[in-house]
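Asks: Turn this into a model:
(one chain, ligands or ions: 1)
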Amino acid sequence: MEFDTFTISFESLKLGEHDYKFLVDTTFFSGLEYSEIQEGKVIIDGQLIKSTRLMELNLDFKGEVVLPCDLCGENYTQTISFKESVVIKFGDEQDQDEGMIILKRGESEVNMSHYIYESIILSLPIRRVHPEVKGKPSCDEAILAKLNDKGNQNDDDIDPRWSALKKLK
Ligand SMILES: [Zn+2]
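Replies: Now for the predicted structure:
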């Protein structure tokens, strides 16, 4: 499969629709210093509609990224599947709004990599855990048990007789 670069040169584009295909993969994430995702593969189908005053870019994200699980700390695979639209137009920076990219006059290309990265980050669920199986996150039971053990040891709520024994040590 061939993919487009993240830089769209729009000056010479004809009015109307243009198709793009972008690939976000492990190389992409590791190339971004600020990336909290390190691994994954997401394919983005883009459709750019150029009109005289502005451009609209419709993006369709599909793939998966690897994230650490909030519960057990092990990596799990998070499915990515969402659509998004962004308007690209010339103007002043204070016109900046959600779902909009403002370009300075005279610019002839726009780099979409940061926007695409941010969109993926914003699409992630707040609760990042292994996918649920029968209503329970499918974490490795052994790791969870270990974590629970640690939790219990720090518990202040131990039997007073044990506390007395501990003092004797
Ligand atoms: Zn987990």
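Asks: Which strand in the chain has the most residues?
Replies: strand 75-90 (DSSP state E).
Asks: Next one: Ser51 from Leu15, what distance?
Replies: 6 Å (C-beta to C-beta, to the nearest Å). All C-beta spots, glycine's among them, are computed from the backbone N, C-alpha and C.
Asks: still on that earlier bit, can the longest strand of the chain be said to contact the ion?
Replies: No - figure legend: strand 75-90 not in contact with the ion (C-beta under 5 Å from the ion); closest approach 5.9 Å.
Asks: avg pLDDT for the next helix or strand along the chain from that strand?
Replies: The helix or strand immediately downstream of strand 75-90 is strand 100-103, counting by DSSP states H and E. Averaging pLDDT along strand 100-103 yields 92.
Asks: now what about strand 100-103, what contacts it?
Replies: Val86, Val87, Ile88, Lys89, Phe90, Gly91, Asp92, Glu93, Asp95, Gln96, Val110, Tyr115 (C-beta atoms under 8 Å, 6 or more residues apart in numbering).
Asks: quick one: buried residues of it?
Replies: Going by neighbour count (16 or more other C-beta atoms under 10 Å), the buried part of strand 100-103 is Ile101, Ile102, Leu103.
Asks: now, which of the residues you listed sits nearest the ion?
Replies: Nearest to the ion among those is Ile101, at 36.1 Å by C-beta to the ion.
Asks: Please enumerate the helices of this structure.
Replies: In the chain, the helices defined using DSSP state H lie at 26-31, 113-123, 141-153, 160-168.
Asks: Out of those, name the one with the poorest average pLDDT.
Replies: helix 160-168 (a mean of 60).
Asks: List, one by one, the residues from the protein near the ion.
Replies: Close to the ion, as judged by C-beta under 5 Å from the ion, the chain has residues Cys69, Leu71, Cys72, His130, Cys139.
Asks: got CSV for the residues you listed, with neighbour count and pLDDT too?
Replies: What follows is those, written out as CSV (neighbours: other C-beta atoms under 10 Å; pLDDT from 0 to 100):
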residue, neighbour count, pLDDT
Cys69, 21, 94
Leu71, 16, 91
Cys72, 20, 92
His130, 21, 94
Cys139, 19, 92
